[in-house]
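> Pasting a predicted model and its sequence here:
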Amino acid sequence: MTRKRWALVGAAIAALVALVALLVVVVGRMRHGPPEVIPDMVPPAWAQFRTSLGHTEHVGKANIVCKDCHDYERDGFKDPGVAPCARCHAKEAARSHTGNDTTKTSCLTCHVFAPAVEAPRCIACHAEVEGHSAAIKTHSTTQCTTCHSPHGEPAIIPNDCASCHKERAPAHAEHAGSRGCADCHQPHTPAAAALQVCTTCHKPHMGLSAANRTDCVGCHKPHEFVDGGALASLSPPSHASGTSAHAICTSCHTSSAPTSPGSSCTTCHSKIEVTHDGKTACTTCHDPHKGDPPASASACTSCHTSVASTDKGAHAGGVACTSCHKPHAFDPPGSKLALCSSCHAKEASAVSSNVGHVDCTTCHGPVAHKPTAAPACASCHAKEAASAPKGHQVCTGCHEPHSGKELPQAACASCHADKAGGPHDAVKGGCLTCHRAHGPEGIATPPACVTCHKAAELPALHTVPAHAACASCHSSHGPPRSDRATCTGSCHADRKDHEPQATACSGCHVFRR
């Protein structure tokens, strides 16, 4: 191919590239309008903000331009607030989640636009009481949007309970106006609370006493109610094969109090004595109709919901209730040290030599379920804290917190390395001869030099009265200074040109024996 033909091919390619670029610009203007010109005022951190959840959705996916939310020509790129949200999301803004009287929320409370910030979970606010709404415990780990629509109408559309719960009660819900599970259960209350609503529909009958009227599950299985009376819906005694007495209803139940058989347990289990919060009935924790009773004991937190949400959440986020409270002997040991040492043996051994730290509750609070962080040492050691010099205020820098003993690395030189090896390094008693780590005992301020260095005993030129001020030539942690600058700088200024080749005056003017 000739050079002329190559030139024609190159020109054609260039023209084609220019045409494609023009088409890209035209299509861009048709879709989004003219390209946005971002002024020089864009903050350096703009790239980080583009990675946030809100900006990714608006800028990265919806191609929203900056000026739709930011009036940067007037205000720069400062936070525009929630005003821009309503321009596009009017429907959602009309049904916004406004919080309560003391804590207001806005669009930006849930929809985050800051970099490296995750969208908050509903339970972050609703784990505690919010206005007229109780604290959410039950279903607190379920995705709230399963039943709630923050911007929807209606805002609550309960999900089918059966999608998570295998329990069914079809016969119990076969009545006019039934709401299914909601007839007995509220979505955020413990399941056991449903026992209190039985008499709402089932009026007391058969002569039951007032104390027994809410114990319907003594005879009825909650999700298997059928026509034909209590005996027709009794749970089968699944543990009857191992214990013949449990196979006969009248071994535990009497006609006078059919729903309160708890006192009958001691007839066979006489060696077990239980006193638990004033309740002695075994059925408080054991369901006699579901397998072997010891294996089917109810979770402690099914009653003690104020302590924790699970039986391993009451202390340190993983310690089971039975680690401290033994079945049938619920009270923990009277000695807090004996109780704590079962897990904290190292700390318990350390405090045994420190009388003031023996009682764990002194520093960690009286409630083992929610131990508090150790208080400042100054709450007990006020004199030591008040007299500690700068750099010594953090007691645990030198002391082990439980035994109070000095740590191996607490030697002065571990922090004051520049003071080691000085003229006083070999002094008997070390640093404490002149200093103290803190009061009230010890030397508060370094003593005068003449305390150890008697003026009458100093050799040679030390006896000259003009040399009486030690600090003129000496420092506590450095060698003496006898260089020309020191001697002629402030005292012997008239000798600046004397023996100019000599760097140290002490070569001729001796201060030693």
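Looks like it came in fine. Numbering: from 1, shown residues only.
> Can you get me a residue count around V217?
17 (other C-beta atoms under 10 Å). The way it works is simple: take the backbone N, C-alpha and C, and place the C-beta from them, glycine included.
> Confirm it sits in a helix?
Yes. The assignment for V217 is a helix, going by DSSP: H, G, I helix; E, B strand; the rest coil.
> ok, and the closest non-adjacent residue to it?
L195 (6.4 Å; C-beta to C-beta, 6 or more residues apart in numbering).
> The one you found in helix, strand or coil?
When classified by three-state DSSP, L195 comes out as helix.
> Near it, how many other residues are there?
Residues near L195, counting by other C-beta under 10 Å: 14.
> Surely it is in contact with C216?
Yes. Between L195 and C216 there is a contact under C-beta atoms under 8 Å: 6.9 Å.
> OK, contacts around K405?
Residues counted as contacts of K405 (C-beta atoms under 8 Å, 6 or more residues apart in numbering) are 353, 399.
> how about 10 Å then?
350, 353-354, 398-399 (C-beta atoms under 10 Å, 6 or more residues apart in numbering).
> Repeat that for V197.
If you count contacts by C-beta under 10 Å, 6+ apart, V197 has them with 183-186, 214.
> Phi first, then psi, for K326.
Per-residue torsions, K326: phi -90, psi 140 (degrees, to the nearest 10).
> is it possible to export the contacts of V197 to a markdown table including distance to P288 and secondary structure?
Formatted as a markdown table, the contacts of V197 follow (distance: C-beta to C-beta, whole Å; DSSP: H, G, I helix; E, B strand; the rest coil):
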| residue | distance to P288 | secondary structure |
| --- | --- | --- |
| D183 | 26 | helix |
| C184 | 22 | coil |
| H185 | 24 | coil |
| Q186 | 27 | coil |
| T214 | 18 | coil |
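> between these, which is closest to H328?
T214 (25.4 Å; C-beta to C-beta).
> ok, back up a step: now the contacts of K405: which count as buried?
By neighbour count, with 16 or more other C-beta atoms under 10 Å, those hold 350, 398-399 as buried.
> Pull the contacting residues for A299.
Shown in contact with A299 (C-beta under 10 Å, 6+ apart): 285, 310-312, 321.
> ok so, going back, would you confirm that the residue nearest to V217 contacts P222?
Yes. If you go by C-beta atoms under 10 Å, L195 and P222 touch, sitting 8.0 Å apart.
> which residues do those two both contact?
With C-beta under 10 Å, 6+ apart as the test, L195 and P222 both reach 184, 216.
> List the residue ranges of the stretch 101-250 of the chain that fall below the pLDDT cut-off.
For the stretch 101-250 of the chain, the stretches with pLDDT under 70 are 203-215, 218-219, 225-247, 250.
> What is the neighbour count of H435?
H435 sits with 17 neighbouring residues when counted by other C-beta under 10 Å.
> OK, contacts around it?
Counting by C-beta under 10 Å, 6+ apart, H435 has contacts 389, 412, 416, 419, 442-446, 476.
> hmm, 8 Å instead?
412, 442-443, 446.
> In strands, which of those fall?
Using DSSP state E, the subset of these located in strands is empty.
> could you dump those to TSV with distance to F77?
Putting the contacts of H435 into TSV (distance: C-beta to C-beta, whole Å) gives the following:
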residue	distance to F77
C412	53
G442	58
I443	60
P446	57
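> May I ask which of these has the most neighbours?
Top of those by neighbour count (other C-beta under 10 Å): C412, with 15 neighbours.
> ok, now which ones touch that residue?
419-420, 430-431, 435.
> swap in A314?
A314 touches 301, 304, 307-308, 321, 369, counting by C-beta under 8 Å, 6+ apart.
> Which secondary structure state is assigned to it?
coil.
> And it, its phi and psi?
Residue torsions, per degrees, to the nearest 10, at A314 are phi -80, psi -20.
> Repeat that for T141.
Backbone torsions of T141, given as degrees, to the nearest 10, read phi -100, psi 0.
> Now do the contacts for it.
By C-beta under 8 Å, 6+ apart, the neighbours of T141 are I123.
> 10 Å instead, please
By C-beta under 10 Å, 6+ apart, T141 lies in contact with 121, 123, 309.
> Most neighbours among those, which one?
I123 (16 neighbours).
> Ignoring the adjacent residues along the chain, who's closest to that residue?
S140 (5.3 Å).
> Kindly report the same for G439.
S387 (3.0 Å).
> That neighbour and H175: what is the separation?
78 Å (C-beta to C-beta, to the nearest Å).
> So which of these two has more stuff around it?
S387 (16 against 9).
> doesn't P440 make contact with the more buried one?
Yes. With contacts counted by C-beta under 10 Å, S387 reaches P440, the gap being 6.1 Å.
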